[in-house]
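Student: Predicted model and sequence follow; I will ask about them next.
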Amino acid sequence: MGHLDHAAFGWLTPVLSYAMACIGAALGLRCTVRALGATGRSRRNWLITAASAIGTGIWTMHFVAMLGFAVSGTDIRYDVPLTVLSLLVAMVVVCAGVFAVGYGRDRTRALLVGGLTTGLGVASMHYLGMAAVRLHGEVTYDLMLVALSVLIAVVAATAALWAALNIKSPVAVTVASLVMGAAVSSMHYTGMLAVGVRVTPSGAALPGATAMQFIFPLAVGLGSYLFLTSAFVALSPTTGEREASALAQQAPDGATTRPRARTA
């Protein structure tokens, strides 16, 4: 059995991956709040942005953490198509969950369906990413810990969607994002604790790309997307600000929108 190291670079990868999860959650929650205050095409666009932010944050969290994953006695490579597929799965299932909440008439039912769908999708993304790992040996799993990681994913996703429906203030969104980042990280490391590796020493070349060749550049690109989208959301006016601006433009120059008092 090979020795597994989940933090080969010390605290760098756990802390950075947690930060990515928090940024994705914060951006997704803010976009969902904007979507619930919008209608038509604007609501759809905000929901797509929310889903892409949450999905990107979760995927980036997972693979930034995987940069610190090492097994004694073998190199590690990643299957590129499976790794990309795990990203697409994260995007699609989070989109399904967010749209269920954004357009559902029965909010309780939409929350449960969306949370279950998103949670199972996040778990699928994680284990697809693990299926992309190539090493000299056999990967095994503790099924109890796998089940626990899936449960954490479903609970975390449901809590995130509940927060999107009920939390409006920036301070509350920040707190919720920190909690959600911790939940996503807990799901990841619980899933990683379920992993065991029976190493079979070999001098044969492993297929696939190294983490630095493929995952690191992709994670940096997606992280940049999160930061740029965060700036866009922060600078874009809210629904209330747009309404206030529209009222100000409709009022005549020098006039106020408040009614004048009548004289006898």
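Tutor: Received it, and whenever you're ready, just let me know what you need.

Student: can you pull out the strands in the stretch 1-150 of the chain?
Tutor: All strands of the stretch 1-150 of the chain, identified by DSSP state E, counting those that start in this stretch, fall at 4-5, 70-71, 76-78, 133-135, 137-141.

Student: got any ranges where the stretch 101-250 of the chain has weak pLDDT?
Tutor: For the stretch 101-250 of the chain, the stretches with pLDDT under 70 are 234-250.

Student: And the residue nearest to residue 99 when sequence neighbours are not counted, how close does it get to residue 54?
Tutor: Residue nearest to residue 99 in three dimensions, not counting chain neighbours: residue 47, with 5.7 Å by CB to CB, 6 or more residues apart in numbering. Backbone N, C-alpha and C define where each C-beta goes, glycine included. According to CB to CB, to the nearest Å, residue 47 stands 11 Å off from residue 54.

Student: Looking at these two, which is more packed in?
Tutor: residue 54 (33 against 24; other CB atoms under 10 Å).

Student: what separates the nearest residue to that one once chain neighbours are set aside from residue 143, distance-wise?
Tutor: Leaving aside its sequence neighbours, residue 54 sits nearest to residue 28 (CB to CB, 6+ apart; 3.6 Å). Applying CB to CB, the value for residue 28 to residue 143 is 31 Å.

Student: which of those two has more neighbours?
Tutor: In this view residue 28 and residue 143 are compared by other CB under 10 Å, and residue 28 has more residues nearby, 32 against 9.

Student: so that one makes contact with residue 48?
Tutor: No. In this structure residue 28 lies outside contact range of residue 48 using CB atoms under 8 Å: 11.0 Å.

Student: Helices of the stretch 101-250 of the chain, residue ranges please.
Tutor: Secondary structure of the stretch 101-250 of the chain (DSSP state H, counting those that start in this stretch): helices at 107-131, 143-166, 170-193, 216-235, 239-250.

Student: List the buried residues for the longest one?
Tutor: The reference is to helix 107-131. Buried residues in helix 107-131, defined by neighbour count with 16 or more other CB atoms under 10 Å: 110-115, 117-130.

Student: Could you do stretch 157-164 as well?
Tutor: 157, 158, 159, 160, 161, 162, 163, 164.

Student: Out of these, the closest to residue 73 would be?
Tutor: Residue 73 lies nearest to residue 157 out of these, by CB to CB, at 36.0 Å.

Student: Contacts only, for that closest one.
Tutor: When contacts are counted by CB atoms under 8 Å, 6 or more residues apart in numbering, residue 157 touches 97, 114, 115, 116, 118, 119, 121, 122.

Student: Among those, give me the pair with the biggest separation.
Tutor: Across the contacts of residue 157, no pair lies farther apart than 114 and 122, at 12.2 Å, counting by CB to CB.

Student: What is the neighbour count of residue 58?
Tutor: Counted with other CB under 10 Å, residues neighbouring residue 58 total 33.

Student: What distance do you get for it to residue 71?
Tutor: Distance, residue 58 to residue 71, using CB to CB: 24 Å.

Student: got a list of what the residue nearest to residue 174 when sequence neighbours are not counted touches?
Tutor: Ranked by CB to CB, 6+ apart and with sequence neighbours excluded, the top spatial neighbour of residue 174 is residue 26, at 6.5 Å. By CB under 8 Å, 6+ apart, the contact set of residue 26 is 173, 174, 177, 230.

Student: In JSON lines, list those residues along with neighbour count and distance to residue 151.
Tutor: Shown next, in JSON lines, are the contacts of residue 26 (neighbours: other CB atoms under 10 Å; distance: CB to CB, whole Å):
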{"residue": "173", "neighbour count": "21", "distance to residue 151": "25"}
{"residue": "174", "neighbour count": "16", "distance to residue 151": "26"}
{"residue": "177", "neighbour count": "24", "distance to residue 151": "21"}
{"residue": "230", "neighbour count": "17", "distance to residue 151": "30"}
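
Student: Closest to residue 18 out of those?
Tutor: Residue 18 has its nearest neighbour among those in residue 177, at 10.9 Å by CB to CB.

Student: Roughly how far does that closest one sit from residue 163?
Tutor: Counting by CB to CB - residue 177 and residue 163 are separated by 8 Å.
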